[in-house]
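Q: Give me a model of this one.
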Amino acid sequence: MRRFTALELIEISESGASLGPAGRGLLLLAAGGWPRDAAEALPVGARDRALFAVRAAQFGPRMEVAQACTHCAETMEFALTAADLGRDAAADAGALVATVDGVAVRAINAGDLAACEQAGEAESARQILRSRVAPDGDKIDDDRLDAILANLDPDTELDIAAACPACGGEQALAFDIAAFFWDELLLRVPRLLDDVADLAHAFHWSERDILALTASRRSFYLSRVRA
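A: Numbers count the residues shown, from 1 in each chain. A predicted model of the protein is given here:
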């Protein structure tokens, strides 16, 4: 699994600024080496496993998570890995399909999410989803279709069982690896740009040359500039 360069981190953040969570998930997979068609075909659970793997290649397996308690609103902080969440196995790119009353129903994939996201309005998105996962399923009502889709890919939803250290309240916290990964990336970009500004001011180097430096060399020069 390839690692992003410093320049790529910045370019990814700019490319994804106008996208929603599903589009950003595909962008991150493409940056990690997944061909676009293959990434779009991944069932959502497999997409998330792939995102966990790409993220670990960039920032390491440990994830520092902070969530507000649903009972007392205190911030809960804990460290997790994909293995802790049962999401460390390689992504299975195969489509998940069931036949219901003679009708083929396919599990939602990453491309479906992106297409629905672009639709904007909820009802339009629902119709787009139906046309993609069950094009001949007009007689399957919405509730039944939702149940079929949930059974086809139970890894679509990921909840973390947690107990608040402040109030003791137990809760299931929804965890979205695409959003988490994106937020981590965004936290790093301003620091990189600050590094570029300081080194460019001190040495009159170009942005591209500064970002091409290894992290250790960039840190060395910054220690001299900021001393």
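Q: excluding its backbone neighbours, what's nearest the most centrally placed residue in the chain?
A: Nearest to the mean C-alpha position of the chain, by CA atoms, centre = their mean, lies Ala178 at 1.3 Å. Nearest non-adjacent residue to Ala178, counting by CB to CB, 6 or more residues apart in numbering: Gly25, 3.7 Å away. (C-beta placed from N, C-alpha, C; glycine too.)
Q: Can you verify my assumption that the one you found contacts Ala110?
A: Yes - between Gly25 and Ala110 there is a contact at 6.4 Å, judged by CB atoms under 8 Å.
Q: More neighbours: which of the two?
A: Taking neighbours as other CB atoms under 10 Å, Gly25 and Ala110 compare with Gly25 leading, 30 against 27.
Q: What helix or strand is the more buried one located in?
A: helix 21-31 (DSSP states H and E).
Q: Which SSE is immediately downstream of that helix?
A: With DSSP H and E, the next secondary element past helix 21-31 is helix 36-41.
Q: Show me what that next one is in contact with.
A: Here helix 36-41 makes contact (CB atoms under 8 Å, 6 or more residues apart in numbering) with 26, 29-30, 47, 50, 93, 95, 109-111, 114.
Q: Mind checking which of these are in helices?
A: 26, 29-30, 47, 50, 110-111, 114 (DSSP state H).
Q: just those now: which is nearest Ile12?
A: Nearest to Ile12 among the ones in helices among the contacts of helix 36-41 is Ala30, at 9.2 Å by CB to CB.
Q: hmm, back to that, between Gly25 and Ala110, what contacts are shared?
A: Common neighbours of Gly25 and Ala110 (CB under 8 Å, 6+ apart) are Arg47.
Q: which phi and psi does Asp176 have?
A: phi -120, psi 110 (degrees, to the nearest 10).
Q: correction: Pro190
A: Dihedral angles (degrees, to the nearest 10) for Pro190: phi -60, psi -30.
Q: Now do the same for stretch 10-22: mean pLDDT, whole number.
A: If you average the pLDDT over stretch 10-22, you get 96.
Q: How about that stretch, which residues are buried there?
A: By 16 or more other CB atoms under 10 Å, the buried positions in stretch 10-22 come out as 10, 12-13, 16, 19, 22.
Q: Kindly report the same for stretch 201-216.
A: So for stretch 201-216, counting by 16+ other CB under 10 Å, buried means 205, 207, 210-211, 213.
Q: Ala147: how many residues sit nearby?
A: 11.
Q: ok, it to Asp138 distance?
A: Per CB to CB, to the nearest Å, Ala147 is found 17 Å from Asp138.
Q: now Glu14
A: Following CB to CB, the distance that separates Glu14 from Asp138 is 42 Å.
Q: Which of the contacts of helix 36-41 has the largest number of neighbours?
A: Busiest of these [other CB under 10 Å] is Arg47, holding 30 neighbours.
Q: Report the contact partners of it.
A: When contacts are counted by CB under 8 Å, 6+ apart, Arg47 touches 25, 29, 39, 91, 109-110, 178.
Q: And Arg144, by the same measure?
A: Arg144 touches Val100, counting by CB under 8 Å, 6+ apart.
Q: Please repeat the previous calculation with a cut-off of 10 Å.
A: 100-101, 105, 137 (CB atoms under 10 Å, 6 or more residues apart in numbering).
Q: just checking, it is part of a helix?
A: Yes - under DSSP: H, G, I helix; E, B strand; the rest coil, Arg144 falls within a helix.
Q: That's all I had, so thanks and see you.
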